[in-house]
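K.L.:
fold the following.
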Amino acid sequence: MAHTTVNIHLSDGDGPLVLILREISRRLGRIEEKLDAGLELLAQVQTEGAAIMTDLSALTDEVSQNGDAVASAVTLLGSLSQQIRELSTDPAALQALADQLDANTQQLADAVVANTPAAPAQAPAPEEPPAEG
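P.N.:
Numbers count the residues shown, from 1 in each chain. As a prediction, the model looks like this:
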């Protein structure tokens with residue numbers, strides 16, 4: 001921020017006017033310091049806001065990807081139930097479908113485990129004091 005400096009030279013002989021001008025100058029200096037601090041704080045808030053928006057965008061993308069994965073799983077399950085109905089008279093084909101379902105189930109379980117953060121350790125519950133009496 002550009003600062004403008006105004007120098008006023010007054011002699012002490014000017015009395016109360018000099019005191020008033022000095023007080024005004026002192027207060028203006030304090031106001032300027034507070035404005036500079038406020039502008040610094042505003043810049044920090046803008047920087048943090050930009051970081052939050054970046055995080056929000058990444059989170060939105062992840063939610064979208066999760067939605068896509070859920071939709072795929074729903075489609076797969078619907079397809080499997082139809083195939084079971086169609087293959088109910090062919091034991092070998094039905095067994096192959098069951099094997100495919102097991103493999104897909106394991107793949108989905110592995111993906112869930114790999115993408116689930118570990119639960120934070122819980123602090124032990126505080127002990128209750130012995131009852132008086």
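K.L.:
tally of neighbours for D110?
P.N.:
By other Cβ atoms under 10 Å, the residues close to D110 number 10. Glycine gets a C-beta too; all of them are placed from N, C-alpha and C.
K.L.:
who are the packing partners of the helix or strand containing it?
P.N.:
Taking DSSP states H and E as the definition, D110 sits inside helix 91-114. Using 3 or more Cβ pairs under 8 Å, 6 or more residues apart in numbering; DSSP states H and E as the contact test, the elements touching helix 91-114 are helix 16-87.
K.L.:
S79: how many residues sit nearby?
P.N.:
Close neighbours of S79, defined as other Cβ under 10 Å, add up to 10.
K.L.:
that should have said G49, apologies.
P.N.:
G49 has 10 neighbouring residues, counting by other Cβ under 10 Å.
K.L.:
how about P117?
P.N.:
By the criterion of other Cβ under 10 Å, P117 has 5 neighbours.
K.L.:
give me the contacts around the helix holding D110.
P.N.:
Contacts made with helix 91-114 from outside it, assessed by Cβ atoms under 8 Å, 6 or more residues apart in numbering, are listed as 69, 73, 76, 80, 83-84, 87-88.
K.L.:
quick one, which of those residues are buried?
P.N.:
Using 16 or more other Cβ atoms under 10 Å as the burial test, the contacts of helix 91-114 include 83, 87 as buried.
K.L.:
among the contacts of helix 91-114, which pair sits farthest apart?
P.N.:
Spanning the widest gap among these are A69 and S88, at 29.1 Å by Cβ to Cβ.
K.L.:
adding pLDDT and distance to E33, write the contacts of helix 91-114 out as a markdown table.
P.N.:
Shown next, in a markdown table, are the contacts of helix 91-114 (pLDDT from 0 to 100; distance: Cβ to Cβ, whole Å):
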| residue | pLDDT | distance to E33 |
| --- | --- | --- |
| A69 | 76 | 54 |
| A73 | 77 | 60 |
| L76 | 77 | 65 |
| L80 | 75 | 70 |
| Q83 | 78 | 75 |
| I84 | 77 | 76 |
| L87 | 75 | 80 |
| S88 | 76 | 83 |
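K.L.:
what is the nearest of the contacts of helix 91-114 to P120?
P.N.:
The shortest separation between P120 and any of these is 24.9 Å, and it belongs to A69 (by Cβ to Cβ).
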